[in-house]
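Chemist: got a sequence here, can you build the structure:
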Amino acid sequence: MKKELNFWEKTKKFFSPIKWDKLVYFYGLIIYFVWWVDRIIHVLFLERIIHYLELRDVKMFKYILIMYLIYIVFYLIIQVLTRKKWRTEISDTAIKFIQNIYLKKFTNLNNNHIEKFWTWKLTAIINNGIDRWWRLLDMFINQSINVLISFIFTGYMLYKSNDIFLIGFIGVYLLFYIVSYYLNMWAIKYRRKRRDNANYHTKNLVKVIMNKQEILQSDKISHELEILDGYKNKEIFYNKKMSNFLQPLFEGPNIILSLLILVLIGYLWNSYLLEEITLSTIVWIVSALIIMKWSVEKWIMFFKDFTKEFVDIEKLWEFFDNSPKINWYKSWDIFKYKWWNISLKNIWYSYIKGKKILDDFSIDIKWWKITAFVWDSWSWKSTIAKLIWWYIQHDKWDLVIDNQNIKDISLKSYYKNIWYLTQEPSVFDGTVLENLTYSVESNVDNSFVKEIIDMSKCEFIYDLPNGIDTEIWERGVKLSWWQRQRLAIAKIMIKNPKIIILDEPTSALDSFSEDKITKAMNNLFKWRTVIVIAHRLQTVKNASNIFVINDWKIVENWTHEELINKWWKYFKMLELQSWF
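Modeler: Prediction:
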């Protein structure tokens, strides 16, 4: 059931990073306090300068100018130090802290749930949520101190002049924030509609870009432009509706405070002519009001940005609060191996609730053997691999590994003994050596790495610009498909797991490369339980046992030689693969 946070829960959660690392935000508090007090100090110096000018006290005038110069230099030194050290460290540390907490949470989310999201969408949720969270929290502390200092200073100045002004100022201030709050709440409704409309506009824009040739052939560009114009017209409509609320929100305080300043200037000027106050007092009070006006304008802009961007933080919270967790990653019993038998007993599984992929599916996989699974196309053939790997969890009944129910063992200990090579080769942004040794806990000898490179037929590594230290970029874009696949196989050889699952391991290789890789893998397969999923039957011909599955039912189960003599489904698949 979807969990919704109320206002106080959201408030508590929003400020929780301060509790996680008090020192970081204490430094930020000090820095912002110094920044905003600096503006008040300038006003105080200005007041004293004008005061001594009025008195024609040359000695004190020169003295206050020297003190003002010393303060400016002193503040400049503080700014250099805080921006060079404190400010940079505070920002980076705070973002890092939130990021680490949520990425740790992410690794422990249930993959049945994660499988429903595209990678780009998960990246956007996490990255935008963390970035907005720190930025808005930082801005909140900044602007809160700004308004608080300005409010106290302005209130004090008005109180010194006339306590009625102070009461009026507080009343106008409270009324302004109440009205601003409700105006912004009304604007939010149209802002959300505008955001949804923008998403649809982007979707159709991508459609035009991705289907250029078909649109050209069908002469549909006018139709597509009409659709995009419709979304733009809606955007204009929403912007007009929002302006009805945002215009008074932005301009109202500016007009009110400007009028208040004019009224006060008139009053103060009259008091000055009656010699009830000095010119320096007028400068003091008017400057304070101008600072207050500027602070309020800054707060309004922050409030607008806050309500607009807070949705990204809510998406982050909603995703993590409503995603089921893996509860047995470190808990439960340590996985112990002996025979490596794998047994799926009456397994039920569905990607979407109510639509079963596996229904009472059972199979036994023998230890220290190569077992192959051969499917028809679009038969969800990777599902069984992900279940055994325990990347996803079945809905009902038992998955037993080496006489241990996988629900009763620690995943951390299990993952040390199994490796799954997916159809998308597992490589990441880093050097070749970092990719090869990432899953190994101890240092790897260079001679062993070279041996693995030769065994996995990855000699292409020596031809790269920096050899084994070459950066291959995100998802290995510097490498061809077959190079990434070979590199992924080399990673398995270095990891040296007890159970190996290969999902179409040679799908991107030419026949000569496939034969070399197959021979290399046969050396790796000794004394291990190996599961191979393949369409290309060349890959599975040496398997000890081949399961032919149709519509999630085992229709044939023998060795390669036995299956081709049956002249059944496996034999027909061989005929279609004429190269074999």
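Chemist: from R486, how far out is the closest residue to L103 other than its chain neighbours?
Modeler: Once flanking residues are discounted, L103 sits nearest to I126: 7.5 Å by C-beta to C-beta, 6 or more residues apart in numbering. (Each C-beta comes from the backbone N, C-alpha and C, glycine too.) Using C-beta to C-beta, to the nearest Å, I126 is found at 31 Å from R486.
Chemist: that older thread, where's the residue nearest to L103, which helix or strand?
Modeler: Per DSSP states H and E, I126 falls inside helix 119-161.
Chemist: before we move on, the earlier item: out of I126 and R486, which sits in the busier spot?
Modeler: R486 (27 against 19; other C-beta atoms under 10 Å).
Chemist: ok, that one touching C458?
Modeler: Yes. Between R486 and C458 there is a contact under C-beta atoms under 8 Å: 4.9 Å.
Chemist: quick one: secondary structure of F306?
Modeler: At F306, secondary structure determined by DSSP: H, G, I helix; E, B strand; the rest coil is helix.
Chemist: burial of it, as a residue count?
Modeler: Around F306 there are 19 other residues, counting by other C-beta under 10 Å.
Chemist: contact partners for it?
Modeler: L136, M139, F140 (C-beta atoms under 8 Å, 6 or more residues apart in numbering).
Chemist: circling back to that earlier point, looks like the residue nearest to L103 contacts Y102 (just checking).
Modeler: Yes. I126 sits in contact with Y102 when judged by C-beta under 8 Å, with a separation of 6.3 Å.
Chemist: shared neighbours, those two?
Modeler: Common contacts of I126 and Y102, defined by C-beta under 8 Å, 6+ apart, comprise L316.
Chemist: let me see the ranges of the strands in this protein.
Modeler: Along the chain, the segments classed as strands by DSSP state E run 342-352, 355-365, 370-375, 396-401, 404-405, 418-421, 499-503, 529-534, 545-550, 553-558.
Chemist: W389 touches L421, doesn't it?
Modeler: No. Using C-beta under 8 Å, W389 makes no contact with L421, being 10.2 Å away.
Chemist: so what sits against both of those two?
Modeler: Taking C-beta under 8 Å, 6+ apart as the criterion, W389 and L421 both touch I501.
Chemist: tell me what the longest helix anywhere in the chain is packed against?
Modeler: For the chain, the helix with the greatest residue count under DSSP state H is helix 221-273. Here helix 221-273 touches helix 119-161, helix 163-210, helix 279-321, going by 3 or more C-beta pairs under 8 Å, 6 or more residues apart in numbering; DSSP states H and E.
Chemist: ok, which of those helices comes nearest A543?
Modeler: Closest to A543 of these is helix 119-161 (C-beta to C-beta; 32.2 Å).
Chemist: helices or strands next to the closest one in the packing?
Modeler: Identification of packing neighbours for helix 119-161 by 3+ C-beta pairs under 8 Å, 6+ apart yields helix 7-14, helix 16-20, helix 22-55, helix 87-107, helix 163-210, helix 221-273, helix 279-321.
Chemist: quick one, that helix and helix 221-273 angle?
Modeler: Taking axes from the mean of the first three to the mean of the last three C-alpha atoms, to 10 degrees, helix 119-161 and helix 221-273 form an angle of 20 degrees between their directions.
Chemist: show me how far helix 119-161 is from its chain's centre.
Modeler: 22 Å (C-alpha atoms, centre = their mean, to the nearest Å).
Chemist: just the mean pLDDT for it, thanks.
Modeler: Mean pLDDT, computed over helix 119-161, is 82.
Chemist: equivalent analysis for stretch 424-442, please.
Modeler: 79.
Chemist: now do the same end-to-end measure for it.
Modeler: The straight-line separation of the ends of stretch 424-442 (C-alpha to C-alpha, to the nearest Å) is 26 Å.
Chemist: buried residues in it?
Modeler: P425, S426, V427, T431, V432, L433, N435, L436, T437, S439 (16 or more other C-beta atoms under 10 Å).
Chemist: name the residues that touch it?
Modeler: Counting by C-beta under 8 Å, 6+ apart, 419, 444, 449, 452, 461, 464, 466-476, 479, 481, 484-485, 487-488, 490-491, 494-495 sit against stretch 424-442.
Chemist: cool, and stretch 254-265?
Modeler: Counting by C-beta under 8 Å, 6+ apart, 158, 161, 165, 169, 172, 176, 282, 285-286, 289-290, 292-293, 296-297 sit against stretch 254-265.
Chemist: now that we have those, which of them are buried?
Modeler: Here, 16+ other C-beta under 10 Å leaves 158, 161, 165, 169, 176, 282, 285-286, 289-290, 292-293, 296 buried among the contacts of stretch 254-265.
Chemist: which two from these end up farthest apart in space?
Modeler: Among these, F176 and I282 lie farthest apart (C-beta to C-beta), at 24.3 Å.
Chemist: hang on, the earlier thing: and of the buried ones among the contacts of stretch 254-265, the nearest to K541?
Modeler: Among the buried ones among the contacts of stretch 254-265, and counting by C-beta to C-beta, the member closest to K541 is V296, at 77.7 Å.
Chemist: the closest one against G252, yeah?
Modeler: No. With contact defined as C-beta under 8 Å, V296 does not reach G252; the gap is 10.4 Å.
Chemist: circling back to that earlier point, ChimeraX command for the buried members of the contacts of stretch 424-442?
Modeler: Those of these that count as buried under 16+ other C-beta under 10 Å are selected in ChimeraX with:
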select :419,449,452,461,464,468,470,472,476,479,484,485,487,488,490,491,494,495
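Chemist: coming back round to it: out of the contacts of F306, who has the most neighbours?
Modeler: L136 (19 neighbours).
Chemist: show me the contacts for that residue.
Modeler: F14, D305, F306, E309, F310, I313.
Chemist: ok, for G129, nearest residue in space, not its chain neighbours?
Modeler: Excluding the flanking residues, the one nearest G129 by C-beta to C-beta, 6+ apart is L316, at 2.7 Å.
Chemist: so what's that neighbour up against?
Modeler: Y102, I125, I126, N128, G129, I130, W133.
Chemist: again, 10 Å this time
Modeler: I98, Y102, I125, I126, N127, N128, G129, I130, D131, R132, W133 (C-beta atoms under 10 Å, 6 or more residues apart in numbering).
Chemist: ok, F460 next?
Modeler: V432, I453, L479, S480, W482, Q483, R486, L487.
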